[in-house]
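Novice: Just a sequence and a predicted model for now, questions to come.
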Amino acid sequence: FDKPKFHVPEIGAKRPREESPPSSEDEKGPEIEDEKPDIDRLLEEAEPVEVMDLQQMRRAVMGLERKIHRNQELRVKHGDDPSKFMESEIELFEEINKLQAVATAPELYVEFVKINGVARVVELLDHENVDIALAAVDLIHELTDPEALTEAEEEDGAKALVDALVDNAAMELLVKNLGRLDEGNPDGQQGVYNTLAIFENLSELRPQVLEVACERTELVAWLLRRLLARPLDQNKVYCSEVLSILCQNSPANQLRVGQNGGMDGLL
C-alpha cells in the first residue's frame, strides 16, 4: 500500500540561524547587486500566499470532518484491503494541508477552537497512517509559531490555541507519535524535528505548559534515550536544547530529569 507522500522541507529550515557577516562592505555591495535580478524574478514567480477568511476556515474544517468520517468508514469496512481506502487518505491529507492557511490568520484562532478545528487536527496525531499524523504535526507546528502570535490583539487566539491543545491531549499524542517515527527516512526526521519545535513553541507561548507535558507524558525519558543514540545529528542537538528549555525555571522538571537518570546518562 503506497501511502500518500509529501514534500519534506529541509530539517530546521524555519529555525533562526546566526549567519556570518560579510568580511567587508566592499564584498557585501557587489553580492547584493548580482543577486537582485534573481530575487526579483523569484518574487515574480512565487505563488501568492493564501489568506483565509472566517467563512473559508469554517468550510475547511467541515471538509476535514467529512474526510475524517469517510476515511474511518472505509477503514472499518475494508481494513484488510488498503487499496479501498487509499484514495480517502490522500483526500484527508489534502484537507489537512488546506488548513495551513489558518496559521497566516491568527485572528481566527479563537473561532478555529470553537468549531473544533484544533480537536479534529489533534485526533489525527493518532491516525494509523503515519503520513497523516505527520501532516497534523506539521500543521500544529505552523499554528504554534510564536512569530505569528506576538501582537497584543493575538493574545486571545494564542491562549485559546494552547488551552485547546492541552485539553485535547495534544502533548500526550505528540510524544506517543514520536515512538513510531523512523528517523532513518526524511519524513521521520522532519516529524521528530517538528514535534520538538512544537514543544519549543509552547515554551514561548506559555512556559507553564511544559511542566504539564512532563507530568503527563514520557517526554523526558524519550529525550534522554534519544540523546544517548548515535551519531550526533541535528535532531540530537535539538533534543538537548529542548531538555534545557524544560528544566529552565522548573524545579519539578529538573527533578524528573534526575529521576530518569538524566545526569548519569549524560555524563
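Specialist: Nice, I can see it.

Novice: In terms of helices and strands, where is the closest residue to Asp156 other than its chain neighbours?
Specialist: The spatially closest residue to Asp156, leaving aside those adjacent along the chain, is Val110, at 5.6 Å (Cβ to Cβ, 6 or more residues apart in numbering). In this view, the C-beta of every residue, glycine as well, is placed from N, C-alpha and C. According to DSSP states H and E, Val110 maps onto helix 109-114.

Novice: For that helix, what is the distance to the chain centroid?
Specialist: On the basis of Cα atoms, centre = their mean, to the nearest Å, helix 109-114 sits 18 Å off its chain's mean C-alpha point.

Novice: following that helix, which helix or strand comes up?
Specialist: Once the chain leaves helix 109-114, the next helix or strand it forms, by DSSP H and E, is helix 117-123.

Novice: what is the mean pLDDT for stretch 236-254?
Specialist: Across stretch 236-254, pLDDT averages out at 93.

Novice: And the contacts of that stretch?
Specialist: Residues outside stretch 236-254 that contact it (Cβ atoms under 8 Å, 6 or more residues apart in numbering) are 12, 193, 196-197, 199-200, 203, 207, 210-211, 213-215, 219-220, 223-224, 226-227, 229, 257, 262.

Novice: gap between it and the chain center?
Specialist: Relative to its chain's centre, stretch 236-254 lies at 18 Å (Cα atoms, centre = their mean).

Novice: What are the buried residues along it?
Specialist: With burial defined by 16 or more other Cβ atoms under 10 Å, the residues of stretch 236-254 counted as buried are 236, 238-239, 242-243, 245-247, 250, 253.

Novice: How about stretch 214-221?
Specialist: Buried-residue list, stretch 214-221, by 16+ other Cβ under 10 Å: 214, 217-221.

Novice: burial measure for the nearest residue to Glu91 once chain neighbours are set aside, as a count.
Specialist: In this structure, Glu91 finds its nearest non-sequential neighbour in Lys67, 5.4 Å apart by Cβ to Cβ, 6+ apart. Per other Cβ atoms under 10 Å, the neighbour tally for Lys67 reads 20.

Novice: Check Gly79 too.
Specialist: 11.

Novice: Now do the buried residues in the helix holding Val110.
Specialist: Result for helix 109-114 [16+ other Cβ under 10 Å]: buried residues 109-113.

Novice: Any chance of TSV for those residues, columns distance to Gly157?
Specialist: Shown next, in TSV, are the buried residues of helix 109-114 (distance: Cβ to Cβ, whole Å):
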residue	distance to Gly157
Tyr109	3
Val110	5
Glu111	9
Phe112	8
Val113	8
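
Novice: ok so, going back, narrow the buried residues of stretch 214-221 to those in helices?
Specialist: Those of the buried residues of stretch 214-221 mapping onto helices are 214, 219-221, per DSSP state H.

Novice: Quick one: residues contacting the nearest residue to Thr195 once chain neighbours are set aside.
Specialist: Using Cβ to Cβ, 6+ apart and skipping residues adjacent in sequence, the residue nearest Thr195 is Leu174, 5.3 Å away. Listed by Cβ under 8 Å, 6+ apart, the contact partners of Leu174 are 125, 137, 140, 195, 198-199, 217.

Novice: same deal with Val61?
Specialist: With contact set as Cβ under 8 Å, 6+ apart, Val61 has these partners: 99, 112, 115-117, 120.

Novice: For Gln208, give me phi and psi.
Specialist: Backbone torsions for Gln208, taken as degrees, to the nearest 10, come to phi -60, psi -20.

Novice: can you pull the pLDDT of Ala148?
Specialist: At Ala148, pLDDT is 85.

Novice: The one 5 residues further on now?
Specialist: pLDDT for Glu153: 65.

Novice: helix or strand right after the helix or strand bottoming out on mean pLDDT in the chain?
Specialist: In the chain, no helix or strand scores lower on mean pLDDT, DSSP states H and E than helix 25-45, which sits at a mean of 50. Toward the C-terminus, helix 25-45 is succeeded by helix 54-77 as the next helix or strand (DSSP H and E).
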